[in-house]
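Asks: sequence and predicted structure are below.
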Amino acid sequence: MNDSLDPRVNRLRLDKNDGSFKVEEGENWNVFEVFHQEKRGAHHEHVGCVHAPDANLALIFAKEQFGRRKKCVNLWVVRSADILAFDLEDEDMFANNPDKTYRDASGFKVMEKINKFKAHTK
Amino acid sequence: MQIQQALQELITKMADDELVIGHRNSEWTGLGPVMEEDIAFSSMAQDKIGHALALYRLLEEHFGGTDPDQFAFLRNAADFRCCHFVEMPIGSYEFSLMRHFLFDHAETVRYQALALSKFAPFQHLAGKAKGELKYHTLHADAWIIQLCTAGKDSRERMQAALDNSFQLAGGIFEPGPAEELLIAEEIYPGESALYKQWLSHISPVMEKAGLVLPEMTAPVYGGRTGKHTPYLQQLLNEMGEVFRLDPEATW
């Protein structure tokens, strides 16, 4: 017995128990990841996701979910299923990173130059 | 009728349309078909009420009108100048979406014309509303095309929604009193010019959606002269209920 109040669940008519049901084309919405750009030239940052029938409506929904407060100049959406990621158990590939400090971008004497430049332009 | 009075009538009907459709569309808050759409539709309803406030402020600042809150919440239906289209109950989602589509394109052509108005405050207002209206029509067009191409049942319901809305939408363009004065002063181009521009805006979307555009045989007029459906007074009673408890209260 299905007691859901969600129209998306009720549309599936799970109570009608004739053994199987078919999901029609377009009936199943996708999840899209949303990336927000605060100013031109800045990186797009991941801010969350929306649920939509296609990329076009995902972008339209994203505008109100993630672009209606504070500064925003553009948004990206990408279908979550199109993102390729490593498996959780592959995390060990990164395990020794903290040991390889020689790869960290430190030790450059940039601050000196920056301070010198600042003093110069004052 | 003096030009000042004709201009006040124009601003009042535009503002009342915005307030009433904004209130109607906000009635979907919490009831939208999916959460994302609920938020988008509610947010656009807020924009409409914002446009109404900006217009009521014009009346206050340029024509010695009353405080916008008092003007919005204390008048009775007969003093409102909105068209019948915006008063209609929200009905089904396809009706509300179709109304949103037809109304927002009408609003877009009106504000585009006002951007060129000789009445400078209109130019400022049109500039501020431009980006919002762009999103509103983008949202409306996407939904109309989406639902009209989503199968037979869906397309038929959208066509029925259009057929039920079209004469009502014609009421948006009911000619105003002495609008020829405003046309002569290049304050705005008049309702029949806006109607033609509106048709040229909605037709390409309708064509893409496979909708059959009905003939405008009997546009529903009356709202601009204060004759309304019973739905308006009900809406006003509910909308102003809290405000009227203490009209002098500071919020």
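Replies: Now that the structure is in, tell me what you want to look at. Numbering: from 1, shown residues only, chains lettered A, B, ... in the order given.
Asks: what pLDDT does residue 23 get?
Replies: No chain specified, so I'll use chain A. With respect to pLDDT, A:V23 scores 62.
Asks: my question was about chain B
Replies: pLDDT, read off for B:H23, is 97.
Asks: number of nearby residues for the closest residue to it other than its chain neighbours?
Replies: Excluding the flanking residues, the one nearest B:H23 by CB to CB, 6 or more residues apart in numbering or on different chains is B:M239, at 5.4 Å. Yep, even glycine has a C-beta here, placed from its N, CA and C like the rest. Other residues lying near B:M239 total 18 when counted by other CB atoms under 10 Å in any protein chain shown.
Asks: B:A184 now?
Replies: Counted with other CB under 10 Å, the neighbours of B:A184 add up to 10.
Asks: do you know how far it is from A:L57?
Replies: In this structure, B:A184 and A:L57 are 44 Å apart, going by CB to CB, to the nearest Å.
Asks: ditto for A:T101
Replies: 47 Å.
Asks: which of the two has more residues huddled nearby?
Replies: Taking neighbours as other CB under 10 Å, A:T101 and A:L57 compare with A:L57 leading, 23 against 9.
Asks: which ones are touching the more buried one?
Replies: B:A142, B:W143, B:Q146 (CB atoms under 8 Å, 6 or more residues apart in numbering or on different chains).
Asks: which member of those is positioned nearest chain A?
Replies: B:A142 (5.4 Å; CB to the nearest CB).
Asks: tell me which helix or strand that closest one sits in.
Replies: Using DSSP states H and E, B:A142 sits in helix B:120-148.
Asks: report the buried residues of that helix.
Replies: Using 16 or more other CB atoms under 10 Å in any protein chain shown as the test for burial, helix B:120-148 gives B:121-122, B:125-126, B:129, B:132-133, B:135-137, B:139-148.
Asks: that one close to chain A?
Replies: Yes - against chain A, helix B:120-148 shows contacts by CB under 8 Å from any CB of the partner chain at B:Y135, B:L138, B:H139, B:A142, B:W143, B:Q146.
Asks: the first one reaches A:K63, doesn't it?
Replies: Read that as B:Y135. Yes - with contact defined as CB atoms under 8 Å, B:Y135 reaches A:K63; the gap is 6.2 Å.
Asks: overlap in contacts of these two?
Replies: Residues touching both B:Y135 and A:K63 (CB under 8 Å, 6+ apart): none.
Asks: secondary structure of A:V47: a helix, I assume?
Replies: No - assigned with DSSP: H, G, I helix; E, B strand; the rest coil, A:V47 falls outside any helix and is strand.
Asks: got the contact list for B:R57?
Replies: Residues in contact with B:R57 (CB under 8 Å, 6+ apart) are B:P68.
Asks: against B:A15, how distant is it?
Replies: The gap separating B:R57 from B:A15 is 9 Å, by CB to CB.
Asks: good, wrapping up.
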